[in-house]
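Q: The following comprises the amino acid sequence and a computationally predicted model.
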Amino acid sequence: METKAKKKISKDNVLIFFLKNRALLLVLIFFILLSVATDTFLTSSNMVSLARQIAANGIIGVGYTFLLASDSVDLSAGYMMCMIGIISGLLSQTGMPFICILILCAVIAVICSSFNAVIENKFNLPPFLVTLAMQQVFRGVLMLLSNGSPISNLNEGIIYMGQGYIGPIPFSVLLMLVFIVIGHIIFSRTQFGRNVIAVGGNPEAARVSGIDVNKTRVYVSALLGFTIAIMALVSCGRIASAQTTLGGDTVMDIGFSNVNPVIHVPGTVLGVSTMENFGTVLDKNIHDYSIYSHSFCPSISEVQYQFYNEEIALAEAMGVGIQPFKKEVFYQRTSVLGEEYMGEGCNVPFEEQWEVGFATGPFTIKNRYVTEDVPVGCHVYHELGKKFGVPTPIIDSMIVLGGVMNKTNFFETGLTLDELGIGHMTKDQMQAYLREGEYVAPEGE
């Protein structure tokens, strides 16, 4: 009877644990499902890739755990991170040693984050309002510092934080684990950790018991600022550039970051001979064809990379962002699609086949890879190039070739800036429209 009672209590404890940790339960369920459903999920390369992707968020997660435990919130963390990233990029341009960049970025982040708490304490304002306002302050500062453009050529130390390895383990993952362990020790085994919990549970009771509530909140914000600084350096190092946005700051950022035109158009147009000979001369089933598995090669990759450089030039001329890709990711069978959709490390060299890509087509030149991506994607780039004085010879050549192969003139039928309602706008007017929604109508309307 005692044995049965113990088993019952054990099962109840497990149930209670998962009810209190439902997020963990969901992660375990999806982990098991993906492990069973695919052959690649549990591979070492995929596990390392996933760990690298969550490392930066894991680091700031430690700081945010303290912040939430103190019953506070910070909406400015994202743009503060971008601002610190831009500062690290600017400092890198001066040739400053890495340790100095690290210290300066950490000090600036700690001061900025602590300032939020000081304002909250001084004027008795809700953290939501203070950090929402400071979010825009940090955004304005980073735009002034960067002029709205990403910064590359970062210090090697920053690159190592995002891309380096110690043995087989990424440095960023080890850094995350160190932060988690130290955070756990501080949270569960120090007076400061107990003070944070007390302040978050009942600030008045904490104050009566002798805890300096305001000072504790400032310290928590300072800790968050430090994790933001480290996260910023890891994130910048991982993509080898400092970005002005958290992803897509405007709809134009999202448009430029769409990988379809740069992958699909050169791959389909320049790989057309392989596609059209696949079921005849090559005696293959046309429905097994894939531009990734059968057409991509170093020469097409060079065209894709130059296409991408023209996109970068357009984005810089307009003052908007674009998803950064390292040059080498273009020169392999999965191109930028691998890292964009399947995570960092999904790279297949040209010497190998990519069976996952089989049967993905296109199977005819009259496919959306050309009939949509050229008139809608490439032609808009062509018009933006004319408007902002940016040469686009590679993109223009894709419009010509894609049109000839489809017996149409995409320069005449393609989407125009006037049809998008922005053809009459200056750069400043377009920026105001993209970022603030201030639309200036054409003259006479």
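A: Great, that's in hand.

Q: Looking at the helix or strand hosting Val269 now, give me its mean pLDDT.
A: For Val269, the host element (DSSP states H and E) is helix 260-270. Here helix 260-270 scores 94 as its mean pLDDT.

Q: and what of stretch 306-325?
A: Mean predicted confidence for stretch 306-325 is 89.

Q: you'd agree Leu279 is in a helix?
A: Quick fix: residue 279 is Gly, not Leu. No - assignment of Gly279 by DSSP: H, G, I helix; E, B strand; the rest coil gives coil, placing it outside any helix.

Q: how many neighbours does it have?
A: Neighbour count for Gly279, taken as other C-beta atoms under 10 Å: 15. Any C-beta I mention is one placed from the backbone N, CA and C, and that applies to glycine too.

Q: mind listing what it touches?
A: Gly279 sits next to 285-286 when contact means C-beta atoms under 8 Å, 6 or more residues apart in numbering.

Q: Leu174 against Ile166, yeah?
A: Yes - in terms of C-beta atoms under 8 Å, Leu174 counts as a neighbour of Ile166; the distance is 5.9 Å.

Q: re earlier: enumerate the positions of the helix holding Val269 that are buried.
A: 261-270 (16 or more other C-beta atoms under 10 Å).

Q: which one of these is nearest Ile228?
A: Nearest to Ile228 out of these is Val262 (C-beta to C-beta; 32.3 Å).

Q: May I have the residues that are in contact with the closest one?
A: 304, 307-308, 311, 336.

Q: now with 10 Å?
A: Shown in contact with Val262 (C-beta atoms under 10 Å, 6 or more residues apart in numbering): 256, 303-311, 325, 330, 335-337, 373, 377-378, 381, 394-395, 398.

Q: Filter the residues you listed down to the buried ones.
A: Buried members of those, scored by 16+ other C-beta under 10 Å, are 256, 303-305, 307-308, 310-311, 325, 330, 335-337, 373, 377-378, 381, 394-395, 398.

Q: Show me those that map onto helices.
A: Counting by DSSP state H, the buried ones among the contacts of Val262 place 256, 303-305, 307-308, 310-311, 335-337, 381, 394-395, 398 in helices.

Q: Now for Glu311: which residues touch it?
A: Shown in contact with Glu311 (C-beta under 10 Å, 6+ apart): 255-259, 261-262, 322-323, 377, 381, 384, 390, 392, 394-395.

Q: hmm, try it at 8 Å
A: Glu311 sits next to 256, 262, 322, 381 when contact means C-beta under 8 Å, 6+ apart.

Q: now, which of those residues sits nearest Leu145?
A: Distances from Leu145 to the contacts of Glu311, taken by C-beta to C-beta, are shortest for Ile322, at 18.6 Å.

Q: That closest one in helix, strand or coil?
A: For Ile322, the assignment made with three-state DSSP gives coil.

Q: what number of residues lie near Leu91?
A: Quick note: Leu91 (other C-beta under 10 Å) scores 21 neighbours.

Q: quick check, it in a helix?
A: Yes - under three-state DSSP, Leu91 sits within a helix.

Q: Double-check it against Leu104; I have them as touching.
A: Yes - assessed by C-beta under 8 Å, Leu91 is found in contact with Leu104 at 6.5 Å.

Q: where are the low-confidence patches of the stretch 201-350 of the chain?
A: 244-249, 339-346 (pLDDT under 70).

Q: at 50 instead, please
A: Where the stretch 201-350 of the chain drops to pLDDT under 50, the residues are 247, 343.

Q: now swap in the stretch 1-150 of the chain and tell me
A: Ranges of the stretch 1-150 of the chain meeting pLDDT under 50: 1-7.

Q: ranges for the helices of it?
A: For the stretch 1-150 of the chain, applying DSSP state H, counting those that start in this stretch gives helices covering 2-20, 22-37, 44-69, 77-93, 98-123, 127-146.

Q: Dump the ones you listed to JSON lines, plus distance to Asn367.
A: Shown next, in JSON lines, are those (distance: least, C-beta to C-beta, whole Å):
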{"stretch": "helix 2-20", "distance to Asn367": "48"}
{"stretch": "helix 22-37", "distance to Asn367": "29"}
{"stretch": "helix 44-69", "distance to Asn367": "31"}
{"stretch": "helix 77-93", "distance to Asn367": "38"}
{"stretch": "helix 98-123", "distance to Asn367": "47"}
{"stretch": "helix 127-146", "distance to Asn367": "39"}
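
Q: of Leu174 and Ile166, who's got more company?
A: Counted by other C-beta under 10 Å, Leu174 and Ile166 do not tie: Leu174 has more neighbours, with 16 against 11.

Q: Quick check: which element contains that one?
A: Counting by DSSP H and E, Leu174 is found in helix 171-189.

Q: Need the residues that contact that helix.
A: Everything outside helix 171-189 that qualifies as a contact, by C-beta under 8 Å, 6+ apart, is 48, 51-52, 54-56, 58-59, 62, 65-66, 69, 160-162, 164-166, 192-193, 196, 227, 230, 234, 237-238.

Q: and if we set it to 7 Å?
A: Identification of contacts with helix 171-189 by C-beta atoms under 7 Å, 6 or more residues apart in numbering yields 51-52, 55-56, 58-59, 62, 65-66, 160-162, 164-166, 192-193, 227, 234, 238.

Q: So for that helix, mean pLDDT?
A: In this model, helix 171-189 has an average pLDDT of 95.

Q: got the buried residues for it?
A: Buried residues in helix 171-189, counting neighbours by 16+ other C-beta under 10 Å, are found at 171-176, 179, 183, 186-187.

Q: Kindly indicate which of these lies nearest Gln243.
A: Minimum distance to Gln243 across the buried residues of helix 171-189 is 16.8 Å, recorded for Ser172 (C-beta to C-beta).

Q: Excluding covalently adjacent residues, which one is nearest to that closest one?
A: Ala55 (3.9 Å; C-beta to C-beta, 6 or more residues apart in numbering).

Q: Let me know whether the one you found touches Ser235 as I believe.
A: No - using C-beta atoms under 7 Å, Ala55 makes no contact with Ser235, being 9.2 Å away.
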